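> structure for the following, please:
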Amino acid sequence: ALLRPGRFDRKVVVDRPDRRGREAILQVHAKGKPLSPDVDLETIARQTPGMVGADLENLLNEAAILAARRNKRSIDMDDIVESIERVIAGPARKSRILSDEERRIIAFHEAGHAMVMALLPNTDAVGKISLISRGQSLGYVMPLPNEDRTLHSRAEFEDQLAGLLGGRVAEEITFEEVTTGATNDLERVTKLAKAMVTRYGMSDTLGPMQLTQGETNPFLGMDLGERRHYSEEIARTIDREMRRIVEQAYATAKGILITHQDKLKLLAETLLEQEVMDRQEFEELLGLAVPA
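Have a look, this model is predicted:
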């Protein structure tokens with residue numbers, strides 16, 4: 001009743017800012033802050049997809065606090081990158097003690113993610129790789145999108161799935177064993193594969209149909225308010241299609257890492273030595289084209 005004509009019948013959508021919008025917001029909040037010449041607000045905007053104005057303000061304030069703690073007279077790019085990581089993944093957990101074997105597994109796991117992402121055509125560039133624990137994460141690969149995307153293709157989703165599975169594949173082919181390190185990756189893979197089949201109509205077997213609607217209910221393991229207008233046979237087909245998509249992505253990641261197993265080992269060993277690697281170091285190590 002509130003939305004009937006003559007009442008609250010007009011909706012004003014305030015969307016999240018795009019890359020140019022984030023850069024403009026950063027310029028506003030950067031005023032009055034002593035920034036070093038190496039600070040590139042355009043690069044920061046690219047590294048912060050999905051953030052709104054309050055997030056970006058918090059990011060620069062956090063960077064200013066970090067610079068003050070380090071007795072710096074200005075905020076440099078390292079402070080801002082550290083601030084981005086704190087906002088996204090949480091502060092570094094230097095108190096977490098890992099065994100040498102665990103560090104080695106994590107190094108190959110993150111190297112697997114980065115390798116697959118770098119060698120597939122429809123994935124974001126690798127912005128940074130780190131073995132430093134943050135929040136619940138033992139290590140991470142930070143993507144660096146070239147631009148914000150509104151539309152996503154099936155090829156992008158398939159390559160994204162392969163990138164998410166790259167860590168588990170690297171563990172399998174290196175240690176002939178898998179660990180619980182891929183728990184979050186598998187959760188994201190399952191959700192994305194299900195969405196491809198049931199929401200986006202990206203299954204050739206089922207065709208261009210949307211089979212589920214509504215928001216996810218974490219307690220029931222199904223969609224909240226979902227009206228299922230399909231049979232148990234279709235449900236089994238959905239399961240088979242999800243399995244096929246995930247297995248195909250797994251095979252893609254495995255093929256890449258087996259072919260480039262020497263570079264996988266080199267990357268992991270380098271990560272074990274220096275713990276953190278930026279985009280330029282990563283692409284030079286792999287012999288990829290380094291952006292100007």
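> any low-confidence regions in the stretch 51-200 of the chain?
For the stretch 51-200 of the chain, residues meeting the criterion pLDDT under 70 lie at 94-95.
> now do the strands in it.
125-130, 140-144 (DSSP state E, counting those that start in this stretch).
> could you give the angle of the first one to strand 140-144?
Right, the one you point to is strand 125-130. 150 degrees (axes from the mean of the first three to the mean of the last three C-alpha atoms, to 10 degrees).
> put the alpha carbons of strand 125-130 into PDB.
What follows is strand 125-130, C-alpha atoms only, in PDB (Å, rounded to 0.1, in the frame of the first residue of the first chain):
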ATOM      1  CA  ALA A 125      44.900  -9.600 -13.300                       C
ATOM      2  CA  VAL A 126      46.800 -10.700 -10.200                       C
ATOM      3  CA  GLY A 127      47.400  -7.500  -8.100                       C
ATOM      4  CA  LYS A 128      49.200  -9.100  -5.200                       C
ATOM      5  CA  ILE A 129      50.000 -12.500  -3.600                       C
ATOM      6  CA  SER A 130      50.500 -12.800   0.100                       C
END
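> counting by contacts, list what that strand packs against.
helix 100-119, strand 140-144, strand 276-278, helix 279-286 (3 or more C-beta pairs under 8 Å, 6 or more residues apart in numbering; DSSP states H and E). Yep, even glycine has a C-beta here, placed from its N, CA and C like the rest.
> and of these, who's closest to V12?
strand 140-144 (31.4 Å; C-beta to C-beta).
> output the contacting helices and strands for that closest one.
With contacts taken as 3+ C-beta pairs under 8 Å, 6+ apart, strand 140-144 sits against helix 77-89, helix 100-119, strand 125-130.
> re earlier: tell me the most buried of the helices and strands packed on strand 125-130?
Stretch with highest mean neighbour count among these: helix 100-119 (a mean of 23; mean count of other C-beta atoms under 10 Å).
> hmm, back to that, among the strands of the stretch 51-200 of the chain, which comes closest to A54?
Using C-beta to C-beta, the strands of the stretch 51-200 of the chain put strand 140-144 closest to A54, at 21.2 Å.
> by how many degrees do the closest one and helix 77-89 diverge?
Using the same axes, to 10 degrees, the inter-axis angle of strand 140-144 relative to helix 77-89 is 110 degrees.
> give me the contacts around strand 140-144.
46-47, 84-85, 88-89, 110, 113-114, 117, 123-130, 134, 279 (C-beta atoms under 8 Å, 6 or more residues apart in numbering).
> pull up the pairing partners for that strand, direction included.
Using DSSP bridges, strand 140-144 pairs in its sheet with strand 125-130 (antiparallel).
> next one: the partner strand to chain centre, how far?
Strand 125-130 sits 10 Å away from the centroid of its parent chain (C-alpha atoms, centre = their mean, to the nearest Å).
> tell me what angle that strand forms with helix 100-119.
For strand 125-130 against helix 100-119, the angle by the same axes, to 10 degrees is 170 degrees.
> contacts for strand 125-130?
With contact meaning C-beta under 8 Å, 6+ apart, strand 125-130 is reached by 47, 81, 85, 110-111, 114, 117-118, 139-146, 271, 275-279, 282-283.
> so which of the helices and strands packed on strand 125-130 gets nearest A24?
Closest approach to A24 among the helices and strands packed on strand 125-130 (C-beta to C-beta): strand 140-144, 19.8 Å.
> what's the angle between that closest one and helix 279-286?
100 degrees.
> okay, strand 140-144 in PDB with CA atoms only?
C-alpha atoms of strand 140-144 as PDB (Å, rounded to 0.1, in the frame of the first residue of the first chain):
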ATOM      1  CA  TYR A 140      45.400 -14.700  -0.400                       C
ATOM      2  CA  VAL A 141      45.600 -13.500  -4.000                       C
ATOM      3  CA  MET A 142      44.300 -10.000  -4.600                       C
ATOM      4  CA  PRO A 143      42.700  -9.500  -8.000                       C
ATOM      5  CA  LEU A 144      43.100  -6.300  -9.900                       C
END
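> circling back to that earlier point, turn the helices and strands packed on strand 125-130 into TSV, including distance to L60.
Putting those into TSV (distance: least, C-beta to C-beta, whole Å) gives the following:
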stretch	distance to L60
helix 100-119	28
strand 140-144	18
strand 276-278	20
helix 279-286	22
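> can you check which of the ones you listed gets nearest to D55?
strand 140-144 (15.8 Å).
> L59 reaches E82, doesn't it?
No: here L59 does not reach E82: they are 10.3 Å apart, not a contact under C-beta atoms under 8 Å.
> which one of these two has more residues nearby?
Higher neighbour count among L59 and E82: L59, with 22 against 17, using other C-beta atoms under 10 Å.
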